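Visitor: Prediction below, plus the sequence it came from.
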Amino acid sequence: VTAPPPGVDRYSVPFFWPPRLDAVIDPVPLPAEPKAEARGISDDPNNRMLASSGSNMLKGRLRAHPDVTEKYYPDLVVK
């Protein structure tokens with residue numbers, strides 16, 4: 001991005017494009033210093049579902065909209 005000349009407004013609009021639903025995102029290794037400050041992994045790192053973009057998206061939607069999940073996807077409701 002090049003800044004416009006003085007007196008000219010510049011507008012920025014972020015745009016995020018998600019990965020394919022079947023994409024698996026591998027963890028990014030941290031250098032020693034930030035790794036020492038990290039709080040640690042909060043989910044099971046061996047659970048590949050958490051690395052799957054589509055599974056994570058579905059998991060988030062099911063959590064955010066439990067009424068829709070129960071109505072249209074009753075087999076996915078955890079009892």
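Guide: Great, that's in hand.

Visitor: can you give me the helices in the chain?
Guide: 32-37, 53-64, 66-72 (DSSP state H).

Visitor: Number of residues surrounding residue 61?
Guide: 13 (other CB atoms under 10 Å). Just so you know, the C-beta spots here come from the backbone N, C-alpha and C atoms, and that holds for glycine as well.

Visitor: er, residue 70 actually
Guide: Going by other CB under 10 Å, the residues that sit close to residue 70 add up to 12.

Visitor: residues in contact with it?
Guide: Applying CB atoms under 8 Å, 6 or more residues apart in numbering, we find residue 70 in contact with residue 77.

Visitor: Got the confidence number for residue 69?
Guide: We note a pLDDT of 88 for residue 69 in this prediction.

Visitor: How about it, nearest residue that isn't a chain neighbour?
Guide: residue 62 (4.7 Å; CB to CB, 6 or more residues apart in numbering).

Visitor: Can you check which of the helices of the chain gets nearest to residue 13?
Guide: helix 53-64 (22.6 Å; CB to CB).

Visitor: Quick check: the gap between the residue lying closest to residue 25 once chain neighbours are set aside and residue 24.
Guide: Nearest non-adjacent residue to residue 25, counting by CB to CB, 6+ apart: residue 51, 5.3 Å away. Going from residue 51 to residue 24 by CB to CB, to the nearest Å gives 5 Å.

Visitor: Need the per-residue pLDDT for residue 8.
Guide: In this prediction residue 8 is given a pLDDT of 91.
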